[in-house]
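*Asks:* Build the 3D model from these lines:
(one chain, ligands or ions: 6)
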Amino acid sequence: MKQIRKFVEEFFRNLKCDVREEEDIIVVDNIPKSFVDLVGRDAPYKLCFSKGEEGLDFVGKGSQMLATIVKYLEGAGKATILRIDFEVDPEVEIRKKLALRNCEIDSLTKGYKNNFFSRFSFVTSFNYLNESNRVLSEIYIHEGGVVEGDLSGYCVVDGDKLEVDSNRVKLDYEIARVRCIKLVEDKQKEIGDVLKEKVEMEIARIREHYDKQLKELGGDLNGKLEKIRDVEVGLRTCDDEERDSLRKKLERLRVGIVKNGDDEVVDKVLREREMTIGDAMQKFSLNVNRKLVNTTVIYYPVFNFNLFLKGDRESSRFVEVSYDPLTKNFSGLDCEVCAKRLDRVNLCDGGHICCEDCLDRCGECGGVFCVKCLRRSCKVCGRKLCKSCVKMCLTCGGSVCATHLRTDCVSGEERCVSCLRACLRCHGMSEEKYFGEALDGSKVCEKCLGIERRSGVLDRVFGGD
Ligand SMILES: [Zn+2]
Ligand SMILES: [Zn+2]
Ligand SMILES: [Zn+2]
Ligand SMILES: [Zn+2]
Ligand SMILES: [Zn+2]
Ligand SMILES: [Zn+2]
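*Replies:* Ligands and ions are numbered 1, 2, ... in the order given. Presented below is the predicted three-dimensional model:
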């Protein structure tokens with residue numbers, strides 16, 4: 001039991017949680033999300049180590065909490081796979097979002113694809129002097145980028161590892177690792193700066209100490225002999241632990257007299273100084289250690305629907321829409337004229353999806369069309385015309401409505417009214433080029449001229465005028 005308690009305490013401390021001991025129980029809080037998700041219940045947890053206490057989480061052989069801890073530790077090596085369980089009927093959601101104005105869903109097929117997040121939990125340890133400082137970073141990656149993540153409030157259940165592409169997780173890990181280094185950079189610099197200041201002071205002290213020694217190697221003989229005497233006296237009265245260093249000092253001083261300023265001795269002191277400085281730098285160095293403590297892949301379904309819409313009049317259209325239950329984002333339908341996102345759908349008689357603002361009527365047939373389908377208008381009356389109501393005049397090339405297109409009474413071809421002239425005799429209409437002067441001097445159409453000519457011929461045959 002003691003071992004389990006120690007193991008559990010260590011586990012939570014390593015995750016940088018707040019661990020508080022209260023008599024026989026341990027209260028842990030400030031727990032990484034990656035662990036909370038596995039437990040499926042929010043922290044704090046009150047952990048007890050003997051069975052049967054109410055309101056507490058028992059930790060021991062066969063307990064849920066212990067199993068979760070083991071699973072979490074395994075998760076450091078391979079990814080823990082979780083699925084967000086949404087209790088929504090996507091079809092209901094889509095019908096709620098899609099207000100159909102002048103059409104109906106004729107048929108519907110549905111499917112889904114998974115949307116993935118990876119979450120990496122790193123513990124970065126800063127070891128220096130006698131201290132160890134730990135920082136926990138939990139980094140969420142979605143579609144190759146770092147995102148803010150939080151799954152609290154969602155129902156998270158075990159996922160299926162077959163749904164997860166391990167290559168993708170590896171790529172995500174690289175991104176997360178770089179992010180993690182960036183995140184702890186400031187702290188690393190802060191500690192590094194303090195250590196640098198300390199080590200510089202230490203090095204200055206060491207240099208001063210050795211400078212004194214080097215000075216002793218030079219200098220006047222009398223002073224040296226005096227120093228030797230002092231050390232000899234000291235050696236006789238010193239403690240055991242001092243003896244060694246005093247002996248060395250005496251040795252140095254003696255050598256110094258024999259070989260005043262001997263290069264070898266100076267070299268030795270210099271070497272010793274460098275070693276001492278090296279030791280100091282080692283002692284004040286910062287050791288940063290980053291450990292991946294958990295990898296979790298979280299996925300959830302994004303639903304997509306293929307709808308076959310049928311309009312009131314003959315028109316129809318296939319559309320694809322999708323619904324993301326996490327973001328509640330509903331996508332796929334934009335007005336095909338102004339590109340505005342649609343919450344109410346209109347189907348134009350030409351089969352286009354559009355908003356109310358982009359909807360109009362054909363001035364001729366009264367059909368409901370988007371403005372794209374009503375680009376043409378009658379050059380005479382200005383009414384907007386749909387594709388099947390627009391007529392073209394072969395003389396001027398203009399668009400006209402059926403009312404303003406007439407049959408030329410001479411050629412029998414159709415022309416717009418502005419390309420025709422009225423004949424005052426027969427009240428028919430014809431192109432200017434078919435007009436000529438009648439016997440009474442008035443301009444009439446060729447048809448009327450023909451009649452006039454024929455009656456003149458008959459008059460001559462039957463002896464008239
Ligand atoms: Zn529009
Ligand atoms: Zn029309
Ligand atoms: Zn249209
Ligand atoms: Zn018209
Ligand atoms: Zn015309
Ligand atoms: Zn005429």
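*Asks:* correct me, but L333 touches Y323?
*Replies:* No - here L333 does not reach Y323: they are 11.4 Å apart, not a contact under Cβ atoms under 8 Å. Yep, even glycine has a C-beta here, placed from its N, CA and C like the rest.
*Asks:* Pick out whichever of the two has more residues nearby.
*Replies:* For L333 and Y323, the more surrounded residue by other Cβ atoms under 10 Å is Y323, and the numbers stand at 25 against 21.
*Asks:* can you give me the end-to-end distance of stretch 21-32?
*Replies:* 19 Å (Cα to Cα, to the nearest Å).
*Asks:* Model confidence score at the spatially closest residue to P90 that is not a sequence neighbour, please.
*Replies:* Spatial nearest neighbour of P90, excluding adjacent residues (Cβ to Cβ, 6 or more residues apart in numbering): F303 at 3.8 Å. F303 is assigned 88 on the pLDDT scale.
*Asks:* what are the bridge partners for F303, then?
*Replies:* Y112, Y323 (DSSP bridges).
*Asks:* what residues are up against it?
*Replies:* Residues near F303 by Cβ atoms under 8 Å, 6 or more residues apart in numbering: P90, I94, K110, G111, Y112, S322, Y323, P325.
*Asks:* And for G60?
*Replies:* M1, I4, F49, S50, K51, L66.
*Asks:* 7 Å - rerun?
*Replies:* Neighbouring residues of G60 by Cβ atoms under 7 Å, 6 or more residues apart in numbering: I4, F49, K51, L66.
*Asks:* distance of the closest residue in space to S316 that isn't next to it in sequence from ligand 5?
*Replies:* Excluding the flanking residues, the one nearest S316 by Cβ to Cβ, 6+ apart is K310, at 4.8 Å. K310 is 38 Å from ligand 5, where distance means Cβ to the ion, to the nearest Å.
*Asks:* K310: neighbour count?
*Replies:* K310 is flanked by 15 other residues according to other Cβ under 10 Å.
*Asks:* do the same with E208
*Replies:* Neighbours of E208 under the rule other Cβ under 10 Å: 9.
*Asks:* In a helix, it, correct?
*Replies:* Yes - applying DSSP: H, G, I helix; E, B strand; the rest coil, one finds E208 inside a helix.
*Asks:* now for the helix or strand of the chain with the lowest mean pLDDT, which elements pack on it?
*Replies:* One helix or strand of the chain scores below all others by mean pLDDT, DSSP states H and E: helix 221-237, with a mean of 74. Helix 221-237 sits against helix 240-258, with contacts defined as 3 or more Cβ pairs under 7 Å, 6 or more residues apart in numbering; DSSP states H and E.
*Asks:* Now do the buried residues in the helix it packs on.
*Replies:* Residues L246, K249, L250, R252, L253, G256 are the ones in helix 240-258 that count as buried (16 or more other Cβ atoms under 10 Å).
*Asks:* give me every residue that touches the fourth one.
*Replies:* Taking Cβ under 7 Å, 6+ apart, we find R252 in contact with V265.
*Asks:* and if we set it to 10 Å?
*Replies:* Contacts of R252 were listed using Cβ atoms under 10 Å, 6 or more residues apart in numbering, and they are Q213, E216, L217, I228, V231, V265, K268, V269.
*Asks:* my guess is G149 meets F117, correct?
*Replies:* Yes - between G149 and F117 there is a contact under Cβ atoms under 10 Å: 6.3 Å.
*Asks:* Spatially, what comes nearest to the closest residue to ligand 4 within the stretch 151-300 of the chain if we skip its sequence neighbours?
*Replies:* With Cβ to the ion, the shortest gap between the stretch 151-300 of the chain and ligand 4 falls at Y300, namely 56.9 Å. Of all residues beyond its chain neighbours, the one nearest Y300 is I84 (3.9 Å), with distances taken as Cβ to Cβ, 6+ apart.
*Asks:* re the thing from before, need the overlap of contacts for G149 and F117.
*Replies:* Residues touching both G149 and F117 (Cβ under 10 Å, 6+ apart): Y140, I141, H142, I298.
*Asks:* got a pLDDT number for the residue nearest to Y300?
*Replies:* pLDDT recorded at I84 is 88.
*Asks:* And it, which helix or strand is it part of?
*Replies:* strand 80-85 (DSSP states H and E).
*Asks:* Contacts for that strand, please.
*Replies:* The contact list for strand 80-85 (Cβ under 10 Å, 6+ apart) reads 34-35, 37-38, 40, 71-72, 74-75, 114-115, 117, 119, 151, 154-164, 169, 294-301, 325-326.
*Asks:* what number of residues lie near the residue of the stretch 151-300 of the chain found nearest ligand 1?
*Replies:* Nearest residue of the stretch 151-300 of the chain to ligand 1, counting by Cβ to the ion: Y300, 32.1 Å away. The burial count assigned to Y300 is 21, neighbours taken as other Cβ under 10 Å.
*Asks:* how about it, what does it touch?
*Replies:* Y300 touches 82-86, 112, 114-117, 151, 154, 156, 159, 324-326, counting by Cβ under 10 Å, 6+ apart.
*Asks:* buried subset of these?
*Replies:* By 16+ other Cβ under 10 Å, these give 82-84, 86, 115-117, 151, 154, 156, 159, 324-325 as buried.
*Asks:* coming back round to it: farthest pair within the buried residues of helix 240-258?
*Replies:* Maximum pairwise distance among these (Cβ to Cβ): 15.1 Å, between L246 and G256.
*Asks:* Next one: whatever residue of the stretch 1-150 of the chain ends up closest to ligand 1 relative to C355, how far apart?
*Replies:* Residue of the stretch 1-150 of the chain nearest ligand 1, by Cβ to the ion: R101 (12.8 Å). According to Cβ to Cβ, to the nearest Å, R101 and C355 sit 10 Å apart.
*Asks:* same check, this time on D85
*Replies:* For D85, the distance to C355 equals 35 Å [Cβ to Cβ].
*Asks:* How about P301?
*Replies:* Counting by Cβ to Cβ, the gap from P301 to C355 is 29 Å.
*Asks:* if I've got this straight, K6 is in a helix?
*Replies:* Yes - applying three-state DSSP, one finds K6 inside a helix.
*Asks:* which stretch of helix or strand covers the residue of the stretch 151-300 of the chain closest to ligand 1?
*Replies:* Element membership for Y300, per DSSP H and E: strand 287-311.
*Asks:* Buried residues, that strand. List them.
*Replies:* Neighbour count says strand 287-311 has 288, 292-305, 307, 309, 311 buried, by 16+ other Cβ under 10 Å.
*Asks:* Stretch 177-186 too?
*Replies:* R179, C180, V184.
*Asks:* now stretch 404-416
*Replies:* Residues of stretch 404-416 classed as buried by neighbour count (16+ other Cβ under 10 Å): H404, L405, R406, D408, C409, V410, E414, R415, C416.
*Asks:* Nice, that's everything, thank you.
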